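Q: From the sequence below, what's the structure:
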Amino acid sequence: MHAHALLLDRLFNSLNRHDHKAMAACYHPEAAFSDIAFSLHGRHAIHGMWRMICAGDIHATFEVVSADDEDGRVTLIAEYTFSETGRRVRNVIDSRFRFADHLVVDQRDVCDPRAWGAMALGGVGGFLAGRVAPLRKIKARGKLARFLAAHPFEPDAASE
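A: A predicted model of the protein is given here:
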């Protein structure tokens, strides 16, 4: 198995263990992460997001589809309770990676925002969140800021 496939396996197994520190150690200091809710730059910011996500009841089933010296791809199903509504979410994600220095330097997650909005929020809020990307990003940024303010931490060498 390619070393980058092992890195991706470690990343998502760490998610299932809710081990945000081990997850942060998989990222390059200058890494970027984006999905339907977040656009983050730097290992420290990405670590903060994973700290918040790992505080919940998330569990992922995943398959490392490919990984080579430059790129990787993982398909995963993330199942969790959306904390703001208590609703169960089963999010099907296509995750694409680029590597540098044997670490993740770029991660781009794609899912169906309309399906996510219906599951996570429901009703009119879910309808709007599923169709209006800036609304999702603003809400996610605020949620993460509130979490980090309520749960301060001293970053270790892996998260800086």
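
Q: contacts and neighbour counts: CA atoms only from here.
A: OK.

Q: Report how many residues lie close to residue 138.
A: Using other Cα atoms under 10 Å, residue 138 has 12 other residues around it.

Q: Could you check how far the residue nearest to the spatial centre of the chain is from residue 2?
A: The centroid of the chain falls nearest to residue 50 when counting by Cα atoms, centre = their mean (6.3 Å). To residue 2, residue 50 is 25 Å away according to Cα to Cα, to the nearest Å.

Q: for this protein, which strand is longest?
A: strand 87-100 (DSSP state E).

Q: Quick check: which helices or strands does the following helix or strand past it pack against?
A: Using DSSP states H and E, the next helix or strand after strand 87-100 towards the C-terminus is strand 103-110. Other helices and strands packing on strand 103-110, by 3 or more Cα pairs under 8 Å, 6 or more residues apart in numbering; DSSP states H and E, are strand 27-34, strand 87-100.

Q: need those strands in CSV with distance to residue 8 and mean neighbour count, can you?
A: Output for the helices and strands packed on strand 103-110, formatted as CSV (distance: least, Cα to Cα, whole Å; neighbours: other Cα atoms under 10 Å):
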stretch, distance to residue 8, mean neighbour count
strand 27-34, 10, 21
strand 87-100, 9, 18
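
Q: nearest to residue 72, of the ones you listed?
A: strand 87-100 (4.8 Å; Cα to Cα).

Q: low-scoring stretches of this structure, by residue?
A: Counting by pLDDT under 70, the chain contains low-confidence ranges at 154-160.

Q: and the top helix by length along the chain, which residues are buried?
A: Longest helix of the chain, by residue count under DSSP state H: helix 133-150. For helix 133-150, a neighbour-count test (16 or more other Cα atoms under 10 Å) marks 136, 137, 140, 141, 144, 147 as buried.

Q: one step back: work out for me the element the residue nearest to the centre of the chain sits within.
A: Here residue 50 is assigned to helix 43-54, by DSSP H and E.

Q: Show me which positions of whatever helix or strand comes next after that helix end up buried.
A: Following helix 43-54 in sequence order, the next helix or strand is strand 59-67 (DSSP H and E). Within strand 59-67, the residues that count as buried by 16+ other Cα under 10 Å are 59, 60, 62, 64, 66, 67.

Q: contacts for the longest strand of the chain?
A: 4, 28, 69-82, 104-112, 116, 119-121 (Cα atoms under 8 Å, 6 or more residues apart in numbering).

Q: Sheet partners, orientation included, of it?
A: strand 71-82 (antiparallel), strand 103-110 (antiparallel) (DSSP bridges).
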